[in-house]
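Student: model the structure of this input:
(2 chains)
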Amino acid sequence: KNQVEQSPQSLIILEGKNCTLQCNYTVSPFSNLRWYKQDTGRGPVSLTIMTFSENTKSNGRYTATLDADTKQSSLHITASQLSDSASYICVVTVPGGNNRLAFGKGNQVVVIP
Amino acid sequence: SAVISQKPSRDICQRGTSLTIQCQVDSQVTMMFWYRQQPGQSLTLIATANQGSEATYESGFVIDKFPISRPNLTFSTLTVSNMSPEDSSIYLCSVELGAGDTQYFGPGTRLTVL
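Tutor: I've put the predicted structure just below:
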C-alpha cells in the first residue's frame, strides 16, 4: 500500500521565523513529488513539483528538498508570514495510466505575530 | 494553469436527501477528478471523470451513491445521494492539464449533513 507520512502534524511558529516540514513516503517507484498549500476553506494550491532526479526546488520563500534514496522530502519556509498559516500537503504521484496520487494528511502550520 | 470554480461553496443538508455539486473549468481538459476530504484526513479520490465515458470509481465508492456527469470538456457534476452524517466532508474537483502536470484543485464544497 502506498503511504505518505508527514510530520509534525501541527506546528506553531512566530512570524519571521523559519520552519521545516517533513514528508516520508514509501511509494516506489514514483513519478514526482509535490507540495501543496491549502488555506482553510480553500482547495490545495501547488507550491513545488519535483521529479525523482531533482534534489531541490524553490518557490519564493518555500524550498522543497528531495532525497530519493531515503524517500524523504522536506518543505522549508523562510521568514514566515501570517499568510503562511495553512495546511501543507505532501503528494506523491504513482506512475501508471491514471497518474494516481498518494496524499499525506498535511502539516498544519499556524504563524502567530 | 487552470481556474476552477465549484458550486455550492457550502451547504447544510438533511439526512436522506441528495446534493449535486458543480465543477467548472476555464479550459478544456480531458481528465477531471473528484475527491473527498474528511476532517483531519488526507484527500481521498472518489472517481475519475473523463468526457465521453463512464466515470471510474475507486474502491469503496459506487456510482449509485456518487453519480457523476461529464457532459463536456469544461464541466462535471458529482451528486452525493441519500446522504447521511458520515457524508459530511469537503468535496473537491481537480483537473490535470497534461500528463505529469500538477493537478489544479477547485475551492471545494463543504457539506454538512444533519
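Student: got a list of what the residue in chain A positioned nearest to chain B touches?
Tutor: Nearest residue of chain A to chain B: A:Gly43, at 3.5 Å (C-beta to the nearest C-beta). Glycine gets a C-beta too; all of them are placed from N, C-alpha and C. Residues in contact with A:Gly43 (C-beta atoms under 8 Å, 6 or more residues apart in numbering or on different chains) are B:Ile4, B:Leu92, B:Ser94, B:Phe105, B:Gly106, B:Pro107, B:Gly108.
Student: and the nearest residue to it once chain neighbours are set aside, how far from A:Gly60?
Tutor: Once flanking residues are discounted, A:Gly43 sits nearest to B:Phe105: 3.5 Å by C-beta to C-beta, 6 or more residues apart in numbering or on different chains. Applying C-beta to C-beta, to the nearest Å, the value for B:Phe105 to A:Gly60 is 20 Å.
Student: next one: B:Gln14
Tutor: For B:Gln14, the distance to A:Gly60 - C-beta to C-beta - is 45 Å.
Student: packing partners of the helix or strand of chain A with the lowest mean pLDDT?
Tutor: Least confident helix or strand, chain A: strand A:100-103 with a mean of 87, by mean pLDDT, DSSP states H and E. Secondary-structure packing of strand A:100-103 (3 or more C-beta pairs under 8 Å, 6 or more residues apart in numbering or on different chains; DSSP states H and E): strand A:86-94, strand B:44-50.
Student: the helix or strand just after that strand to strand A:86-94, inter-axis angle?
Tutor: Sequence order places strand A:107-112 as the next helix or strand after strand A:100-103, per DSSP states H and E. In terms of direction (axes from the mean of the first three to the mean of the last three C-alpha atoms, to 10 degrees), strand A:107-112 departs from strand A:86-94 by 160 degrees.
Student: and of the contacts of A:Gly43, the nearest to chain A?
Tutor: Nearest to chain A among those, with distances taken as C-beta to the nearest C-beta, is B:Phe105, at 3.5 Å.
Student: show me what contacts B:Ser1?
Tutor: B:Ser1 touches B:Leu97, B:Tyr104, counting by C-beta under 8 Å, 6+ apart.
Student: any idea of the pLDDT on residue 2?
Tutor: The chain I'm using is chain A. Among the per-residue scores, A:Asn2 shows a pLDDT of 54.
Student: let's do chain B instead
Tutor: 86.
Student: excluding its backbone neighbours, what's nearest it?
Tutor: According to C-beta to C-beta, 6+ apart, the nearest residue to B:Ala2 is B:Tyr104 (4.2 Å).
Student: picking up where we left off before, who has more neighbours, B:Phe105 and A:Gly60?
Tutor: B:Phe105 (24 against 8; other C-beta atoms under 10 Å in any protein chain shown).
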